[in-house]
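S.K.: Mind looking at a prediction? Sequence and model below.
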Amino acid sequence: MMIIRSGKNSFAAMPGEKKINIAIDGYSACGKSTLARGLADALGYLYIDSGAMYRAVTWYFIEKGTDIGDPAGIRAELDRIDVRLERRGNELITLLNGRDVSEEIRRMDVSEKVSEISTLPELRAKLVRLQRAMAEKGGVVMDGRDIGTVVMPGADIKIFMTADFEVRVQRRMAELKGKGIEATFEEVAENLRHRDHIDSSRKVSPLKKAEDAVLFNNSELTRGQQLTWARNWAGVRLTM
Ligand code: DC
């Protein structure tokens, strides 16, 4: 792999160089998307929020009134669903059949149902196909639950993020508040517990650390410190 180092323990892909892929996995509300977006911006790469794709599909079924516990009903609709991520300026927009659903997919009712829908193998196969196509040419930072294990097992850099539970709840509450959504500590805590359980115990591509991923607990780090750590780690990892 041809990577030009821009300094000790940091790196930059140069024009004409093969761009690498970076996989970031971990529990809900660990700060994966903030770090992934920051890294992508710093490197001029594309950020792909795979969770937004699962959320968009969940939103679709909630709007349609489909019984989430009815896999046959969901399977029957899958071919009618088109999910895309598009960059508009600095924003990553989530499109479901052409409609911008970036705000709707953050609602609590979507958060409550998304893990259950995400256990469906046929849905996973469809979204994994789309995610792999986006990463084909390299130059991607993708975050999710199965990115380092299933979507991009060959990713050049894999990070598995975790943070103390209380920190995660506080961070998610702050994020929701920023979007004008009020939720109590207990509501958010219950949602995270519920999703941790389903995401880690499902049969198809459960959340787990890839063997070659580095474990990163960011409970006590600011966003800036996390980004510095990740850039340094990328530099170290690429020389191994
Ligand atoms: O990253 P997030 O919290 O927005 O993801 C929402 C849900 O989507 C998560 O609880 C499980 C599912 N998901 C998944 O199963 N696989 C992924 N690669 C990303 C998300």
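M.R.: That came through, no problem.

S.K.: Report the buried residues of whatever helix or strand Ala133 lives in.
M.R.: Ala133 is part of helix 121-135, with elements assigned from DSSP states H and E. The neighbour-count check on helix 121-135 (16 or more other Cβ atoms under 10 Å) flags 123-124, 126-128, 130-131, 134-135 as buried. For glycine as for every other residue, the C-beta is placed from the backbone atoms N, C-alpha and C.

S.K.: Run a quick neighbour tally on Ile22.
M.R.: 30 (other Cβ atoms under 10 Å).

S.K.: you'd agree Pro71 is up against Pro121?
M.R.: No - Pro71 lies out of contact with Pro121 (Cβ atoms under 8 Å); the separation is 9.2 Å.

S.K.: Stretch 198-211 vs the ligand: in contact?
M.R.: Yes - Stretch 198-211 reaches the ligand (Cβ under 6 Å from any ligand atom) through Asp199.

S.K.: coming back round to it: what's the closest of the buried residues of helix 121-135 to Leu85?
M.R.: Ranked by distance to Leu85 (Cβ to Cβ), the buried residues of helix 121-135 are led by Met134 at 7.4 Å.

S.K.: pLDDT score for the closest one?
M.R.: Looking at Met134, its pLDDT stands at 94.

S.K.: Backbone dihedrals for the nearest residue to it once chain neighbours are set aside, please?
M.R.: Using Cβ to Cβ, 6 or more residues apart in numbering and skipping residues adjacent in sequence, the residue nearest Met134 is Ile48, 5.6 Å away. With angles defined as degrees, to the nearest 10, Ile48 sits at phi -120, psi 120.

S.K.: residue contacts, Ile48?
M.R.: Counting by Cβ atoms under 8 Å, 6 or more residues apart in numbering, Ile48 touches 85, 131, 134-135, 140-143.

S.K.: could you check the distance from it over to the ligand?
M.R.: According to Cβ to the nearest ligand atom, to the nearest Å, Ile48 stands 10 Å off from the ligand.

S.K.: Okay, now the unreliable bits of this protein?
M.R.: 1-18 (pLDDT under 70).

S.K.: near the ligand, anything from the helix or strand hosting Leu85?
M.R.: Per DSSP H and E, Leu85 falls inside strand 83-88. No - on the criterion Cβ under 6 Å from any ligand atom, strand 83-88 is out of touch with the ligand, staying 12.2 Å away.

S.K.: doesn't Ala42 make contact with Leu227?
M.R.: Yes - Leu227 is within contact range of Ala42, at 6.8 Å (criterion: Cβ under 8 Å).

S.K.: related to what we said a few turns ago, tilt between the strand holding Leu85 and helix 121-135?
M.R.: Inter-element angle recorded for strand 83-88 and helix 121-135: 30 degrees (by axes from the mean of the first three to the mean of the last three Cα atoms, to 10 degrees).
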